[in-house]
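Peer 1: Using only what follows, build the 3D model:
(one chain, ligands or ions: 2)
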Amino acid sequence: MNALVLAGGLGTRLRPLTENLPKPMALVANRPWLEHLIVQLKKQGIRHLVIAVKHYPEIIQNYFGNGEKWGVTIRYAIEKSLLGTAGAIKNAEPFLDERFIVLNADIVHELELAPLLAFHNQHGGGVTIGLTEVDDPSHYGVVEQDEQGRILRFVEKPRPEEAPSRLINAGIYVMEKQMLQYIPAGREVSIERETFPLLIEKGAGIYGKVISGYWMDMGTKERYRRIHWDLLNRVYPLPLLGQQNEKGIWIGKNCEIQPGVMFVPPVLIGDNVKIGERSVIGPYCVIGNDCVIGKQVRCTETIMWDRCLAHNGVVLNNCIFGYGLEIGSKHILHEAVMSRVEVLQA
Ligand code: GDD
Ligand code: MG
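Peer 2: Ligands and ions are numbered 1, 2, ... in the order given. Next up is the predicted model:
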């Protein structure tokens with residue numbers, strides 16, 4: 001059984017961070033999210049992956065190559081035009097096993113496949129959809145189920161008053177290859193708006209199983225930030241790279257921290273970071289690898305990707321900076337989300 005990762009969306013709600021970058025390559029705790037996902041899949045026993053790509057495919061291909069470095073094999077199903085979530089699965093058909101897993105690449109979660117697979121085996125349906133419960137289901141695909149877990153209705157992004165439940169599609173499916181006969185080839189098809197409703201109508205055995213553990217879609221800036229605060233608070237227990245020197249202060253390798261620097265937990269500092277005298281970092285800061293922060297910088301609730309440069313006296317609050325951004329001295333930035341063109345290196 002292999003896994004197909006849907007990584008071709010445009011990531012419009014995360015712009016400008018995704019202007020030149022596929023959304024799943026956005027850093028989460030100083031590593032591309034897709035890398036965390038691949039590591040998690042491997043731990044769950046999935047060694048053969050297919051990644052469906054469209055938006056800047058070469059960035060993903062150059063970073064992961066054939067997957068060898070991560071102990072997995074990776075093949076790429078490249079779309080010439082955007083095919084939608086089901087169209088992307090159909091396009092990957094030649095690479096897929098008789099039974100396979102599909103994952104939305106922008107879902108940040110504690111992946112646990114065994115209960116989902118056991119449920120799928122037990123019911124023998126065409127698709128088992130991983131479900132999770134949220135307060136406001138209107139941004140997601142919402143399901144109505146019977147007592148056996150069979151899905152009776154799937155409504156994508158309903159108006160709040162029309163949502164049949166608070167159980168939503170978590171973006172993880174176990175699927176039988178024969179279901180692909182219901183997806184037309186060569187055009188854009190949405191699995192949520194077209195294929196799931198069709199499969200329900202055909203009685204193809206579409207089931208839902210609630211998954212446990214942390215779950216969040218990283219697709220908006222608010223949720224992208226939230227994932228980081230949850231990581232720092234350890235609500236989301238993904239292992240953090242770096243040594244925890246004091247409670248809530250993780251510092252990477254080879255950092256140069258000048259005298260008088262104060263860390264206000266929680267903070268995560270990457271490798272090779274330099275911080276100048278009397279800067280105050282935190283609470284809630286994630287500083288990427290190779291960042292350089294000048295003297296007397298004040299940084300709160302901010303996520304900085306690798307290679308950023310903040311000059312002396314800069315004040316940053318609630319910002320997100322993409323790769324290699326330079327912030328001139330004495331700038332005061334509040335809620336800025338900025339990025340620049342830079343090629344991502346593995
Ligand atoms: N290859 C490929 N081609 N991938 C695509 C395409 C495409 O044309 N369109 C979207 N994707 C990928 C995105 O990159 C993302 O990883 C995933 O499919 C889902 O797309 P989003 O654009 O993030 O959808 P969403 O978050 O609004 O809704 C989806 O996810 C929710 C869970 O977070 C739906 O599946 C909802 O039903 C679900 O509840
Ligand atoms: Mg999404």
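Peer 1: Which element, helix or strand, includes whichever residue of the chain sits closest to ligand 2?
Peer 2: Closest residue of the chain to ligand 2, Cβ to the ion: Gly219 (3.7 Å). C-beta: built from backbone N, CA, C; applies to glycine. Using DSSP states H and E, Gly219 sits in no helix or strand.
Peer 1: Mind listing the residues bridging to whichever residue of the stretch 201-346 of the chain sits closest to ligand 1?
Peer 2: Nearest to ligand 1 in the stretch 201-346 of the chain, going by Cβ to the nearest ligand atom, is Asp217, at a distance of 3.4 Å. Beta bridges link Asp217 to Ile107, judged by DSSP bridges.
Peer 1: check contacts around it.
Peer 2: Residues near Asp217 by Cβ atoms under 8 Å, 6 or more residues apart in numbering: 104, 106-108, 139-140, 171, 223.
Peer 1: and if you look at Glu194?
Peer 2: Listed by Cβ under 8 Å, 6+ apart, the contact set of Glu194 reads Ala86.
Peer 1: now swap in Ile107 and tell me
Peer 2: By Cβ under 8 Å, 6+ apart, the contact list for Ile107 reads 170-172, 215-218.
Peer 1: And these, which is closest to Leu49?
Peer 2: Closest to Leu49 out of the contacts of Ile107 is Ile172 (14.0 Å), distances taken as Cβ to Cβ.
Peer 1: which SS class is the closest one?
Peer 2: strand (DSSP: H, G, I helix; E, B strand; the rest coil).
Peer 1: what residues are up against it?
Peer 2: Ile172 touches 101-104, 107, 109, 111, 116, 129-130, 211, counting by Cβ under 8 Å, 6+ apart.
Peer 1: Residues in a beta bridge with it, which ones?
Peer 2: Beta bridges link Ile172 to Leu103, judged by DSSP bridges.
Peer 1: ditto for Phe321
Peer 2: Per DSSP bridges, the residues bridged to Phe321 are Met304, Met338.
Peer 1: Test for you: state the pLDDT assigned to it.
Peer 2: You'll see Phe321 listed with a pLDDT of 95.
Peer 1: hang on, Gly87 in a strand?
Peer 2: No. Counting by three-state DSSP, Gly87 is not part of a strand but helix.
Peer 1: Spit out the contact partners of the residue in the stretch 101-250 of the chain positioned nearest to ligand 1.
Peer 2: Across the stretch 101-250 of the chain, the shortest distance to ligand 1 (Cβ to the nearest ligand atom) belongs to Gly141, at 2.4 Å. Shown in contact with Gly141 (Cβ under 8 Å, 6+ apart): 154-157, 168-169, 192, 196.
Peer 1: Find the nearest non-adjacent residue to it, please.
Peer 2: Asn169 (3.6 Å; Cβ to Cβ, 6 or more residues apart in numbering).
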